[in-house]
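1. 3D, please:
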Amino acid sequence: MTFTLAANAEMLFLDQPFRHRVELIRDAGFDVEIWNWTTKDVEELRSTGARFSSMTGYVTGDLVDEQGAAELLDSARHSLDVAERLGCPRLNLHGTGLDTQGLPVTPKHAVEDQEWSSAVETLRKIADLGEAAGKVFTIENLNTRVDHPGTPFASSEATAYLVQAVDSPGLKMNFDLYHCQVDEGNLIERTRQVLPWVGEIQVADVPGRREPGTGEINYPGVADALRHMGFSGTIALEAWASEEDSVRALERFREAFSL
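-> Numbering: from 1, shown residues only. Alright, predicted model coming up:
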């Protein structure tokens, strides 16, 4: 069993123009992931011939209030148009909009019961959009201890609950093991619990959010556990390169997930 491996162009080859980052990842044999498409020349990216695995699926909006939900739905529609142009199958969401530092635009440290219900209703509408377009929206768990304090619906438990409640092929979970390790730990058992709702897995080591082999997570062990669980989907490196060596970072990532 093999995994499809992808790498995020926002965090690697930082001394290169963005198009060249995409080409370097493509030439190394990986699918490519991007964040905010509004800052990119979409036609230029398309011309690289890279396989785009995932992109941010919204520009503004959130799952918390009525106005935020309306903005989220509107920007999700625009994002779907871009995903179609790039041939990108997955569009990523968060509980609220994040600024350029990864901090929530509107921090919220506690979610009320009604807000949970509203989030499910909004995600059902987004899932319907994705299903109609032949795409999948994914909602990502985030850590609130280090990188994203104040983000609502951030834990793996919360994101899995939302995906289960919507129960649609147009919405899956983007299970980020780096974020889970920072806030929750117990990665293999948590993976086992949420795997039926996972559309993609993202990885980086802890601490530092660097490539596998630079921190405390036994990623070869995680890869073996995923194999035994029957997972054969996409695993994406969303990590900064240690020692600013992106080629070595990709090599370490490949080694950790080559069974």
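2. Could you check how far the residue lying closest to Phe52 once chain neighbours are set aside is from Arg46?
-> In this structure, Phe52 finds its nearest non-sequential neighbour in Cys88, 4.0 Å apart by C-beta to C-beta, 6 or more residues apart in numbering. All C-beta atoms are positioned from the backbone trio N, CA, C, and that covers glycine. Counting by C-beta to C-beta, to the nearest Å, the separation of Cys88 from Arg46 is 10 Å.
3. more neighbours, the two?
-> Shown here are Cys88 and Arg46; by other C-beta atoms under 10 Å, Cys88 has more neighbours (24 against 14).
4. how near is the more buried one to Gly213?
-> 28 Å.
5. cool, and Asp224?
-> Per C-beta to C-beta, Asp224 is found 15 Å from Gly213.
6. Tell me which of those two has more neighbours.
-> More crowded of Asp224 and Gly213, by other C-beta under 10 Å: Gly213, with 18 against 14.
7. how about that one, what does it touch?
-> Counting by C-beta atoms under 8 Å, 6 or more residues apart in numbering, Gly213 touches Asp205, Tyr219, Arg252, Glu255, Ala256.
8. can you list the residues you listed in JSON lines and add secondary structure?
-> Output for those, formatted as JSON lines (DSSP: H, G, I helix; E, B strand; the rest coil):
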{"residue": "Asp205", "secondary structure": "strand"}
{"residue": "Tyr219", "secondary structure": "helix"}
{"residue": "Arg252", "secondary structure": "helix"}
{"residue": "Glu255", "secondary structure": "helix"}
{"residue": "Ala256", "secondary structure": "helix"}
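9. Emit the PyMOL select command for whichever of the residues you listed are buried.
-> Here the buried members of these are turned into a PyMOL selection, burial being counted by 16 or more other C-beta atoms under 10 Å:
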select buried, resi 205+219+252+256
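10. which stretches of the protein form helices?
-> Ranges of helices within the chain are 18-27, 42-47, 66-86, 113-133, 156-166, 177-183, 187-194, 219-229, 246-256, based on DSSP state H.
11. Output the contacting helices and strands for the second one.
-> Here helix 42-47 is seen to pack against helix 18-27, helix 66-86 when contacts are counted using 3 or more C-beta pairs under 8 Å, 6 or more residues apart in numbering; DSSP states H and E.
12. List the buried residues of it.
-> Going by neighbour count (16+ other C-beta under 10 Å), the buried part of helix 42-47 is Val42, Leu45.
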